[in-house]
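Visitor: turn this into a model:
(chains A and B)
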2 protein chains.
Amino acid sequence: MAEGPPLPVPVEPGRIEVIALEGIPEIQPGDDLPQILVSALRATPDAFPPRDDDVLVVTQKAVSKAEGAIVELETVEPRAEAIEFAERWDRDARQVEVVLREARRVVRMANGVVITETKHGFVCANGGVDASNVGPDSGSIVTLLPEDPDASAGRIRAAVREVGGVDTPVIVSDSFGRPWRWGIVDVAIGVSGLEPLEDLRGEPDRDGRVMRSTVRAVADELASAAELTFGKRAGRPAALVRGAAFRRGEGSIRDVVMPAESDLFR
Amino acid sequence: MAEGPPLPVPVEPGRIEVIALEGIPEIQPGDDLPQILVSALRATPDAFPPRDDDVLVVTQKAVSKAEGAIVELETVEPRAEAIEFAERWDRDARQVEVVLREARRVVRMANGVVITETKHGFVCANGGVDASNVGPDSGSIVTLLPEDPDASAGRIRAAVREVGGVDTPVIVSDSFGRPWRWGIVDVAIGVSGLEPLEDLRGEPDRDGRVMRSTVRAVADELASAAELTFGKRAGRPAALVRGAAFRRGEGSIRDVVMPAESDLFR
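Guide: Now for the predicted structure:
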């Protein structure tokens, strides 16, 4: 048979699939999360080995618990400011204390919410400190953000590569509120193996015009897409996003954090 | 054969698929976008008729162009403030003028960007006025946000229902920047047939604890997921998101817009 012309390669695939990983138990401090994720990849139909166009998204909660980034509230002595705020807004003063300890800067304290800037540079409600959904005895502990979410993503990526033989980019995600809009959406708080921003500046668009200022936060969109499969009560903590266009690389979530002096909204 | 117990219903499916619609030409003013979308649904494998768990996401650019929400720049007489700002930052003064005209409030003018609050209540860069990717002669026109994006979504929903016999919720999406983080992500700016916010407050989570303050901006996450299939150069303007959990209803994007007095970030 004569060889025909090469088939066109779909450079920009128009389909993605998001596959939540199955069978992941509630993570406990000290659990080997990378190995649990590899087992879950194996247990989930179509998920193992990951494909070249897969990104693995894992929730902050699972990462923080496995890494022991938790605080037992009974060990916390709240400062006066935390007690006052907690009494006024019917909150746990010890939890408010942990939020304040984790803060590099307090942006605002009002309406029962403490908006802080974390040491990572994230501006978010309650500094990413979370009491919900942390385990059967969860009344008494809170999770913190991982110490170094990029490194957390890197360790998961390394484990998947070692066992699965595939270099799968990893995103650690968390649910953040936004100014001006109600509701939380999942965003990336740590990445490994991909560029979290897709800089299209200078590339021509469909009409051949040069797009002047299009930088896409692709890691954040991947995190949001993954969240749609986690379920509210099911509490799935990880998913593969398959088929999305992204750029491999050694990007960091620090690329996404906007310095105050560049932020027109501050 | 004896009837066994009913099969468990997967209330919270762990998979979604996003299917960009194929064959949509560059939209021109006056085009019948709802009918074009119905044709594209028919032309896209697996897309027609839409399933009960599908949401149709359509970009603002396509909607605005079809509705004629455009301004020919040669008709625009920029005010002094627009001329000064444009000269300083190497921008088109007429485009800056349109941004100012569309604004209910100017939040900030700096670094070549005008942050405004639109009449819809959205706070975004350049008031959603966009010169990129609008057509072969696009040097001379800009698109505005649709007059009433909920109504735009409703018209598309009605057309799909009439032709396809399925009541498919519709989201009109646009790419917005965010404070504190680099990069744009797609969010919903108009909805029809679904609740844009999923209010989980008071529902028990995986551990049986009551989640206190979880309101998910599900329409925004659906918009972000859809964007991952649009392609950068391909310029696809619509996609089905299939399998995500969402609540049907007669929600409005006004539900998402946070009043200034509730916004701790302002």
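
Visitor: just give me the residue right at the centre of chain A.
Guide: Nearest to the mean C-alpha position of chain A, by C-alpha atoms, centre = their mean, lies A:Ser173 at 1.0 Å.

Visitor: which SSE is it in?
Guide: strand A:170-178 (DSSP states H and E).

Visitor: quick one: list the elements packing against that strand.
Guide: Under the contact criterion of 3 or more C-beta pairs under 8 Å, 6 or more residues apart in numbering or on different chains; DSSP states H and E, strand A:170-178 touches strand A:54-59, helix A:60-67, strand A:123-125, helix A:149-164, strand A:181-192, helix A:218-227. C-beta: built from backbone N, CA, C; applies to glycine.

Visitor: nearest to chain B, of these?
Guide: Nearest to chain B, of all these, is strand A:181-192, at 2.9 Å by C-beta to the nearest C-beta.

Visitor: tell me the angle of the closest one relative to strand A:170-178?
Guide: With axes from the mean of the first three to the mean of the last three C-alpha atoms, to 10 degrees defining the directions, strand A:181-192 sits at 160 degrees from strand A:170-178.

Visitor: does any part of strand A:181-192 sit near chain B?
Guide: Yes: residues of strand A:181-192 are located near chain B by C-beta under 8 Å from any C-beta of the partner chain, namely A:Arg181, A:Trp182, A:Gly183, A:Ile184, A:Val185, A:Asp186, A:Val187.

Visitor: how distant is the following helix or strand past that strand from the center of its chain?
Guide: Using DSSP H and E, the helix or strand that follows strand A:181-192 in sequence is strand A:198-199. Strand A:198-199 sits 19 Å away from the centroid of its parent chain (C-alpha atoms, centre = their mean, to the nearest Å).

Visitor: partner strands of strand A:198-199, with direction?
Guide: Sheet pairing for strand A:198-199, assigned by DSSP bridges, gives strand A:215-216 (antiparallel).

Visitor: can you tell me the average pLDDT over the partner strand?
Guide: For strand A:215-216, the mean per-residue pLDDT is 92.

Visitor: what's the domain layout of chain A?
Guide: Listed by automatic domain parsing, the domain ranges of chain A are A:22-63+A:169-254, A:70-141.

Visitor: need the distance between the two termini of the first one.
Guide: Read that as domain A:22-63+A:169-254. End-to-end distance of domain A:22-63+A:169-254 (C-alpha to C-alpha, to the nearest Å): 31 Å.

Visitor: what of the last one?
Guide: Distance between the boundary residues of domain A:70-141 (C-alpha to C-alpha) amounts to 7 Å.

Visitor: what about A:Arg254, neighbour count?
Guide: Around A:Arg254 there are 11 other residues, counting by other C-beta atoms under 10 Å in any protein chain shown.

Visitor: actually, A:Glu162.
Guide: By other C-beta under 10 Å, 11 other residues sit near A:Glu162.

Visitor: same thing with A:Leu73?
Guide: By the criterion of other C-beta under 10 Å, A:Leu73 has 18 neighbours.

Visitor: least confident secondary structure element in chain A?
Guide: Here the helix or strand of chain A ranked lowest by mean pLDDT, DSSP states H and E is strand A:198-199, holding a mean of 88.

Visitor: name the residues of stretch A:150-165 that are buried.
Guide: A:Asp150, A:Ser152, A:Ala153, A:Gly154, A:Arg155, A:Ile156, A:Arg157, A:Ala159, A:Val160, A:Arg161, A:Val163, A:Gly164 (16 or more other C-beta atoms under 10 Å in any protein chain shown).

Visitor: which one in the residues you listed is the model shakiest on?
Guide: The member of the buried residues of stretch A:150-165 with the lowest pLDDT is A:Gly164, at 84.

Visitor: isn't it right up against A:Phe48?
Guide: Yes: shown here, A:Gly164 and A:Phe48 form a contact pair, counting by C-beta atoms under 8 Å, at 6.4 Å.

Visitor: joint contacts of those two?
Guide: Taking C-beta atoms under 8 Å, 6 or more residues apart in numbering or on different chains as the contact rule, A:Gly164 and A:Phe48 both touch A:Leu41.

Visitor: before we move on, back to that, could I get the pLDDT score of the residue nearest to the centre of chain A?
Guide: Reported pLDDT at A:Ser173 in the predicted model: 98.

Visitor: ok, now which ones touch the closest residue in space to it that isn't next to it in sequence?
Guide: In this structure, A:Ser173 finds its nearest non-sequential neighbour in A:Ala223, 3.8 Å apart by C-beta to C-beta, 6 or more residues apart in numbering or on different chains. Going by C-beta under 8 Å, 6+ apart, A:Ala223 touches A:Val57, A:Ile171, A:Ser173, A:Asp186, A:Val187, A:Ala188.
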